[in-house]
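Engineer: Test case, fold it:
(chains A and B)
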There are 2 protein chains.
Amino acid sequence: MDQEKVKKRIRYPGLDSKIMSAAQAAEFIKDGMVVGMSGFTRAGDPKQIPFEFAKIAEGGKRKIYLMTGASLGADVDGAMARADAISKRTPFMSDRDMRAAINQGRIPYYDLNLGDLAPMIRRKQLPDPDIAVVEATAITEDGIVIPTSSCGSTDVFLEKGKQILLEINMAVPDGFEGVHDCYIPQTRNMPAPAAIPIMDVMDRAGSIGYKIDPSKIVGIVLTNQLDSASENVLADPAQDAMATNLRNFFLSEIKAGRMTESLFPLQAGVGSVANAGLWGLLEGPFQGLTMWSEVLQDSTWDLLDSGRMTFATGTSITVSPKKTEEVYGNWDRYKDKVCIRPIYITNSAEIIKRINLIAVNTAMDVDIYGNVNSTNIAGSNMMNGIGGSGDFAVNAHTTIFLTRAASPDGRLSRVLPMVPHVDHNEHNVDIIITDLGIADLRGLSPRERAAKIIAISSPDYKPALEEYFRLACERGGHTPHILEKAFEFFENQRKTGSMKG
Amino acid sequence: MDQEKVKKRIRYPGLDSKIMSAAQAAEFIKDGMVVGMSGFTRAGDPKQIPFEFAKIAEGGKRKIYLMTGASLGADVDGAMARADAISKRTPFMSDRDMRAAINQGRIPYYDLNLGDLAPMIRRKQLPDPDIAVVEATAITEDGIVIPTSSCGSTDVFLEKGKQILLEINMAVPDGFEGVHDCYIPQTRNMPAPAAIPIMDVMDRAGSIGYKIDPSKIVGIVLTNQLDSASENVLADPAQDAMATNLRNFFLSEIKAGRMTESLFPLQAGVGSVANAGLWGLLEGPFQGLTMWSEVLQDSTWDLLDSGRMTFATGTSITVSPKKTEEVYGNWDRYKDKVCIRPIYITNSAEIIKRINLIAVNTAMDVDIYGNVNSTNIAGSNMMNGIGGSGDFAVNAHTTIFLTRAASPDGRLSRVLPMVPHVDHNEHNVDIIITDLGIADLRGLSPRERAAKIIAISSPDYKPALEEYFRLACERGGHTPHILEKAFEFFENQRKTGSMKG
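Structural biologist: Predicted coordinates:
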């Protein structure tokens, strides 16, 4: 490793004595510890220590309570799940092996609104981390830790962790220094009431990183590896149709005088559907767009390049390998147009309300009355977690959910008589968009909503949904249901593999 | 009517020419109009015009879209429902005849988080009122309308209503003038981002009333009638047990260092259960309590009298007849200890987060994983509406729901395998309290929560809940369910009248 480069990254005096191998560092993570790890949607997670820890812990020899910003990259959660090294996981994951362990009841998972993690730790409602394991761009002469491609909940892990392990990642641009706005509440345990001094998307209220007590650092590991690639897949025709419908919805809002061509600050959920939705804004009259979101995906950078978006802020940069190359290789072009913030700021109810956020998220399935399931397949099996969608959906100016009308193979309707798990309820869902249309639910009673939502369901399932609704209305009620038939689609699926029965 | 007294209440020059009978005033409410009516939980609603309108409209001759702060007093909603005078109702009601019409599908009801009504009108997501019908204490020489015992959403009705009908209620104390803090957003249609300048419970940011354009006033009716009595019933042993458990929960929070003896500002849902819960704080070490809530019920005034509570703010005063006499008869004793605000301020996410609110609300039923139903009986039949519970539950420091373990007659378990309607989901519910104990759900996985919640269920239903949970875990999943059995309690009830089967 080039010593001069290392010196530029580890500037606090005396810390070079703490440089060690990842295997040595991992030894600090003891059995029974609460571990706060940087990382948000495959961005800014430590690249080496977790794998070394998984080796040490193999076979359940050490078990930890693992807290992160959100999902980790590569195979970190998987490696730890296979090693039986996790006694509890919060607030989000998206790994296949960990998912299996959660659904088998082997790993207890606390599926939390992402913006709540740091406040709950500060309020002592969740335990303090014993140790923070954090990827950083640098540590300054003043003891400020500069994050890399995500902030997540790193703030509270560094603040509350009794010990700190740093991974200094030499592969991220030096220019990352200055792109973060690391605002933390002034009174930490029981905050005195004060407004968060961020009034608009571009505002900065904090420092370029997190000031820590350097004596808490017990080890520093040098790494040189970019984040795991985002798992976004390219758009397919159904996604294109949803993106067109989303664009048409915005056009009708402009026409109705409810929005202008700059809309309001946009939040978009993680994944290919929301990503495709934002790409849809590359066409049309949109100008002066801004983004206030969790994750800056490929589409964000394309909108910035197009000149249609003037500023984007989030808690992580999660992009494809090609886009990583473009963005990191041309960092000077972007650095004044983006800002990376802690998740409890990006997901802050106060700011979401203040800036009139438009929330665009993806649903797993929806029901005919406008309730949304984002987490549990068939009511029981965790997919990933609610993420930040709850933080945004509840407090947004306009809350939009996108979902296919049916699964690509047609076996599953994404519009159901009743969702078997509710992550976003009828009181908070304004707009549902499928590849077949737009259901504007604002101001409507449940029965009125059912007509709109059934209208954008798949033709394969529309007759069954209409029949359910008709029979339910015969029985009566404000939100008519026939409880003994409400999950018949799932019964069909259990018996035949298809909801068609 | 004493002319001098009337002059003191109608101070804007020339307005005495607008004084008319309620029957004359009601004629201004035309068929097809959107009507914004003051009134919040039986407080501050117009006392005469609505009944005169119901007479004119009888038999569906005139139908209106009725918006209010929340429920109206006396029999207003009932009279209008029986007259077939309602084409749509939002955001809350609690009348038997209107409930029946809603559940029969005759009145479409938009059951909305109460704090969302004014913002949705200002954003043009709901229609502007054609006419505002508002009870007032007075109208000043400057054209400021002073509310009576509630603010609710009167701000937006006066602002957006093309015409205004006022009822000046001579029966409320002159001293009501000055008790309201009528803050409204500065930029009305598309608010420019700004913090709400209220940092703590006692802060004032607005005016003593709502400045209007007096030329919009088309009629003034003089009334002399107090609000309908609150429907709170006295505590019973189960409510006392819940109150004791709530007090014990707070004591354990103080012991754990998460709260102090002044707790954090308290919100309490409407009704006898939450009221009894607050009475429970008359015992114990509590000092310097404050309240930030929707409704100031009997218990609030008792806590103020006890000296344990220093200040209380809400959007309405809804009290028993005896308490009305005490409060209004001794207004000078209270007027510096209370403040009445618009609902969009009391229910503001920004302020709720800022002041670390403790939200105490009542559940209709809960499930073993911590989801809460507050609105729909057996999933289909509307009881009242979600009210403000969603505004508070999602953004509170600590979110508590109270429910009996079983109905008084034992026929219904209030702890279910799966709630048939979700108003507050597992991600937002921290604590469930029944008469049989406390379930602290913070940091727990669904399976861990199930053990805690089943432990505080009724002994009559515990074996069936345990069996469901055991079988569901055998099938597997993060939130184990057996969809075809999830509503078996309701099937039992349909067949035998009791969930016991």
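Engineer: Residues contacting stretch A:172-183, please?
Structural biologist: Stretch A:172-183 is contacted from outside by A:8, A:137-138, A:146-149, A:151, A:155, A:196-198, A:204-210, A:226, A:313, A:328, A:331-332, A:335, A:338-342, A:345, using C-beta atoms under 8 Å, 6 or more residues apart in numbering or on different chains. Every C-beta, even on glycine, is put in place using the N, C-alpha and C of the backbone.
Engineer: now those: which count as buried?
Structural biologist: Buried members of these, counted by 16 or more other C-beta atoms under 10 Å in any protein chain shown: A:137-138, A:146-149, A:151, A:155, A:196, A:198, A:206-210, A:226, A:313, A:328, A:338-342, A:345.
Engineer: Against chain B, which of these make the cut? List them.
Structural biologist: Restricting the buried ones among the contacts of stretch A:172-183 to those near chain B by C-beta under 8 Å from any C-beta of the partner chain leaves residue A:196.
Engineer: Now, the buried ones among the contacts of stretch A:172-183 that are in strands?
Structural biologist: A:138, A:146, A:210, A:313, A:338, A:339, A:340 (DSSP state E).
Engineer: of all these, which comes closest to residue B:434?
Structural biologist: The closest of those to residue B:434 turns out to be residue A:210 (C-beta to C-beta; 42.5 Å).
Engineer: give the contact list for that closest one.
Structural biologist: Residue A:210 neighbours (C-beta under 8 Å, 6+ apart): A:144, A:145, A:147, A:154, A:155, A:158, A:159, A:182, A:184.
Engineer: Give the bridge partners for it, please.
Structural biologist: When assigned by DSSP bridges, residue A:210 has beta-bridge partners residue A:145.
Engineer: Need the pLDDT of it.
Structural biologist: pLDDT for residue A:210: 97.
Engineer: which parts of the stretch 1-150 of chain A sit against chain B?
Structural biologist: Residues of the stretch 1-150 of chain A lying close to chain B by C-beta under 8 Å from any C-beta are A:88, A:90, A:102-105, A:108-113, A:120, A:123-127.
Engineer: And the ones in strands among the buried ones among the contacts of stretch A:172-183, which two are furthest apart?
Structural biologist: A:138 and A:313 (21.2 Å).
Engineer: Apart from its neighbours in sequence, what residue is nearest residue A:152?
Structural biologist: Nearest residue to residue A:152, sequence neighbours excluded (C-beta to C-beta, 6 or more residues apart in numbering or on different chains): residue A:69, at 1.8 Å.
Engineer: Confirm for me that residue A:303 is in contact with residue A:281.
Structural biologist: Yes: assessed by C-beta atoms under 8 Å, residue A:303 is found in contact with residue A:281 at 6.4 Å.
Engineer: so what's in contact with the two at the same time?
Structural biologist: With C-beta under 8 Å, 6+ apart, residue A:303 and residue A:281 have common neighbours residue A:289.
Engineer: Need phi/psi at residue A:352.
Structural biologist: Dihedral pair for residue A:352: phi -60, psi -50, per degrees, to the nearest 10.
Engineer: Can you lay out the contacts of residue A:210 as JSON lines showing pLDDT?
Structural biologist: JSON lines is the format used below for these (pLDDT from 0 to 100):
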{"residue": "A:144", "pLDDT": "98"}
{"residue": "A:145", "pLDDT": "98"}
{"residue": "A:147", "pLDDT": "98"}
{"residue": "A:154", "pLDDT": "98"}
{"residue": "A:155", "pLDDT": "97"}
{"residue": "A:158", "pLDDT": "98"}
{"residue": "A:159", "pLDDT": "96"}
{"residue": "A:182", "pLDDT": "96"}
{"residue": "A:184", "pLDDT": "84"}
